[in-house]
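Student: have a look; sequence and predicted model below, questions after that.
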Amino acid sequence: MPRPLRDAAVGVHHIGVGAAGPAEYFRDDIDHIAWTRLFVRTLDRYGWTCIAVCQLSTHWHALVDVPDASLPRGMHYLNSAYARAFNARHDRVGYLVRDRYWSRRKATDAEVLTAFRYVAQNPVKAGISERPEDCFWSSFATTIGLASTFAFVDATLVLMQFGSSRAAAVAALRRFVGVGL
């Protein structure tokens, strides 16, 4: 039986990809940087807005606002280009990812906020950092003004749910993300 078609509708999608088996998707900072550059090219090429992104060693998550039905094309572009580069750099062959990318469209503000918190908390729950803002390969520190590593990220859609002033919104978002840790 064929797999069901993915939801490619306009809107905010929580997307991600994981490495095949116990393999690493990112082995070092060079891999992280190469993927980030390719991700930014994908955002630009398809007109997506990145709301949040987090890279762990075996997988990554992102929250993207997609203006049209380009999600499958963009993900194919991103995943195939990164896998080819990763395999060439690490002198390996075979599949890098364990399965197709996954995507869950978020239909309400509450669903977007919950997905944002999940992405931000992922490094803490994985034991990589003590606080969400401490993970270098997460956009959360950029969103709250502690870093500029992920300058391409635009979390306005999330921040506007927490107040009209940036300072109040950031403080409330930090409290919201800290819930459950």
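Tutor: That came in fine, so what should we check first? Numbers count the residues shown, from 1 in each chain.

Student: need the pLDDT of D7.
Tutor: What the model reports for D7 is a pLDDT of 85.

Student: what's the answer for the one 4 residues further on, then?
Tutor: Note on G11: pLDDT of 97.

Student: is the nearest residue in space to it that is not next to it in sequence in a bridge, and if so with what?
Tutor: Counting by CB to CB, 6 or more residues apart in numbering, G11 lies nearest to R105, which is 5.1 Å off, once chain neighbours are set aside. To be clear about C-beta, it is placed using only N, CA and C from the backbone, and glycine gets the same treatment. Beta bridges link R105 to H13, judged by DSSP bridges.

Student: so R105 makes contact with H13?
Tutor: Yes. Assessed by CB atoms under 8 Å, R105 is found in contact with H13 at 5.2 Å.

Student: touching both of the two, which residues are there?
Tutor: D7 (CB atoms under 8 Å, 6 or more residues apart in numbering).

Student: between the two, which is the more surrounded one?
Tutor: Comparing R105 with H13 by other CB atoms under 10 Å, the one with more neighbours is H13, at 26 against 18.

Student: what's the neighbour count on M75?
Tutor: Residues near M75, counting by other CB under 10 Å, number 23.

Student: the residue nearest to G11 and S70: what is the separation?
Tutor: 14 Å (CB to CB, to the nearest Å).

Student: equivalent analysis for V12, please.
Tutor: From V12 across to S70, the span is 14 Å (CB to CB).
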